[in-house]
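> Need a 3D model of the following:
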Amino acid sequence: MVTPDQVKKEKALLGITENENDALVQFALESAEEIIKNYCHIDGVPEGLNTTMYRMAADIYRNEQFGQQGSISRVTSISEGDTTTSFGGMESEFTKSLLKDYDMALRQYRRVVFR
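Prediction:
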(Lines give C-alpha, C1' and ligand atoms only; values in the text may rest on other atoms or scores of the structure.)
Protein backbone atom coordinates (compact mmCIF):
# COMPACT_ATOMS: atom_id res chain seq x y z
CA MET A 1 0.00 0.00 0.00
CA VAL A 2 1.32 3.41 -1.00
CA THR A 3 1.72 5.89 1.85
CA PRO A 4 1.40 9.71 1.75
CA ASP A 5 5.15 9.93 2.51
CA GLN A 6 5.91 7.83 -0.57
CA VAL A 7 3.73 10.11 -2.71
CA LYS A 8 5.54 13.14 -1.27
CA LYS A 9 8.95 11.60 -2.04
CA GLU A 10 7.90 10.63 -5.58
CA LYS A 11 6.62 14.15 -6.23
CA ALA A 12 9.97 15.56 -5.12
CA LEU A 13 11.81 13.16 -7.46
CA LEU A 14 9.53 14.22 -10.33
CA GLY A 15 9.88 17.92 -9.51
CA ILE A 16 6.16 18.34 -8.80
CA THR A 17 5.32 21.02 -6.27
CA GLU A 18 1.54 21.34 -6.56
CA ASN A 19 -0.97 18.90 -5.07
CA GLU A 20 -3.29 18.55 -8.05
CA ASN A 21 -1.37 15.55 -9.43
CA ASP A 22 -1.25 13.57 -6.17
CA ALA A 23 -3.73 10.97 -7.41
CA LEU A 24 -1.71 10.46 -10.60
CA VAL A 25 1.55 10.12 -8.68
CA GLN A 26 -0.10 7.66 -6.31
CA PHE A 27 -1.41 5.65 -9.26
CA ALA A 28 2.09 5.48 -10.79
CA LEU A 29 3.48 4.25 -7.46
CA GLU A 30 0.71 1.68 -7.12
CA SER A 31 1.38 0.50 -10.68
CA ALA A 32 5.10 0.10 -9.98
CA GLU A 33 4.33 -1.74 -6.75
CA GLU A 34 1.93 -4.08 -8.55
CA ILE A 35 4.46 -4.79 -11.33
CA ILE A 36 7.14 -5.63 -8.76
CA LYS A 37 4.86 -7.89 -6.72
CA ASN A 38 3.54 -9.71 -9.79
CA TYR A 39 6.95 -10.15 -11.43
CA CYS A 40 8.66 -11.32 -8.24
CA HIS A 41 5.69 -13.37 -6.97
CA ILE A 42 5.81 -11.67 -3.56
CA ASP A 43 3.20 -10.05 -1.29
CA GLY A 44 5.02 -6.79 -0.59
CA VAL A 45 7.88 -4.67 -1.88
CA PRO A 46 11.07 -5.45 0.08
CA GLU A 47 13.09 -2.54 1.40
CA GLY A 48 15.87 -3.37 -1.07
CA LEU A 49 13.51 -2.57 -3.99
CA ASN A 50 12.21 0.79 -2.71
CA THR A 51 14.55 2.81 -4.91
CA THR A 52 13.67 0.62 -7.88
CA MET A 53 9.97 1.19 -7.18
CA TYR A 54 10.47 4.99 -7.13
CA ARG A 55 12.39 4.86 -10.41
CA MET A 56 9.78 2.63 -12.05
CA ALA A 57 7.00 4.93 -10.84
CA ALA A 58 8.81 7.96 -12.28
CA ASP A 59 9.18 6.19 -15.63
CA ILE A 60 5.53 5.17 -15.57
CA TYR A 61 4.38 8.69 -14.66
CA ARG A 62 6.47 10.34 -17.38
CA ASN A 63 5.81 7.84 -20.15
CA GLU A 64 2.16 7.00 -19.59
CA GLN A 65 1.29 10.73 -19.39
CA PHE A 66 -1.64 10.31 -17.04
CA GLY A 67 -4.15 13.13 -17.18
CA GLN A 68 -3.31 14.00 -20.79
CA GLN A 69 -6.23 13.96 -23.19
CA GLY A 70 -4.22 12.96 -26.25
CA SER A 71 -1.55 10.35 -26.38
CA ILE A 72 1.87 10.82 -27.87
CA SER A 73 2.45 9.02 -31.10
CA ARG A 74 5.41 8.75 -33.40
CA VAL A 75 5.65 8.58 -37.15
CA THR A 76 6.02 4.94 -38.22
CA SER A 77 6.07 5.42 -41.99
CA ILE A 78 6.05 8.19 -44.60
CA SER A 79 5.37 7.89 -48.34
CA GLU A 80 5.85 10.81 -50.68
CA GLY A 81 3.79 9.69 -53.70
CA ASP A 82 0.17 10.62 -52.83
CA THR A 83 1.43 11.54 -49.31
CA THR A 84 0.85 8.81 -46.74
CA THR A 85 1.87 9.24 -43.10
CA SER A 86 1.29 6.59 -40.42
CA PHE A 87 1.47 7.11 -36.69
CA GLY A 88 2.02 4.55 -33.95
CA GLY A 89 1.71 4.80 -30.18
CA MET A 90 4.63 4.82 -27.79
CA GLU A 91 2.90 2.81 -25.07
CA SER A 92 3.68 -0.65 -26.38
CA GLU A 93 7.40 0.02 -26.69
CA PHE A 94 7.51 1.49 -23.20
CA THR A 95 5.62 -1.41 -21.65
CA LYS A 96 7.97 -3.94 -23.26
CA SER A 97 11.10 -2.12 -22.11
CA LEU A 98 10.04 -1.29 -18.54
CA LEU A 99 10.79 -4.71 -17.08
CA LYS A 100 13.96 -5.04 -19.15
CA ASP A 101 15.28 -1.84 -17.55
CA TYR A 102 14.73 -3.17 -14.03
CA ASP A 103 15.17 -6.90 -14.59
CA MET A 104 18.59 -7.09 -12.90
CA ALA A 105 17.32 -5.47 -9.70
CA LEU A 106 14.08 -7.45 -9.61
CA ARG A 107 15.58 -10.82 -10.46
CA GLN A 108 17.33 -11.22 -7.11
CA TYR A 109 13.96 -10.95 -5.31
CA ARG A 110 11.98 -13.10 -7.74
CA ARG A 111 10.54 -16.36 -6.45
CA VAL A 112 10.01 -19.40 -8.61
CA VAL A 113 6.37 -20.41 -8.84
CA PHE A 114 5.22 -23.81 -10.07
CA ARG A 115 1.71 -23.93 -11.46
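> hey, let's count contacts and neighbours off CA atoms from now on
OK.
> what about the helices in the chain?
4-14, 22-40, 50-64, 91-107 (DSSP state H).
> Which of the ones you listed has the lowest mean pLDDT?
Sorting the helices of the chain by mean pLDDT places helix 91-107 lowest, at a mean of 76.
> contacts for stretch 17-27?
Val2, Val7, Glu10, Lys11, Ala57, Tyr61, Phe66, Gly67 (C-alpha atoms under 8 Å, 6 or more residues apart in numbering).
> Now the terminal residues of it, how far apart.
Using C-alpha to C-alpha, to the nearest Å, one end of stretch 17-27 lies 17 Å from the other.
> Can you list the buried residues in it?
The neighbour-count check on stretch 17-27 (16 or more other C-alpha atoms under 10 Å) flags Asp22, Val25, Gln26, Phe27 as buried.
> From Glu47, how far out is the last one?
Okay, so that is Phe27. Where Glu47 is concerned, Phe27 sits at a distance of 20 Å (C-alpha to C-alpha).
> And the first one, by the same measure?
Using C-alpha to C-alpha, one gets 23 Å for the distance from Asp22 to Glu47.
> and if you look at the third one?
With distances defined as C-alpha to C-alpha, the gap from Gln26 to Glu47 amounts to 18 Å.
> repeat for Thr3
Relative to Glu47, and taking C-alpha to C-alpha, Thr3 is found at 14 Å.
> ok, now Leu98?
In terms of C-alpha to C-alpha, Leu98 sits 20 Å off from Glu47.
> out of these two, which sits in the more crowded spot?
Set side by side, Leu98 and Glu47 show more neighbours around Leu98, with 15 against 9, by other C-alpha atoms under 10 Å.
> Let me see the contact set for the more buried one.
By C-alpha under 8 Å, 6+ apart, the neighbours of Leu98 are Met56.
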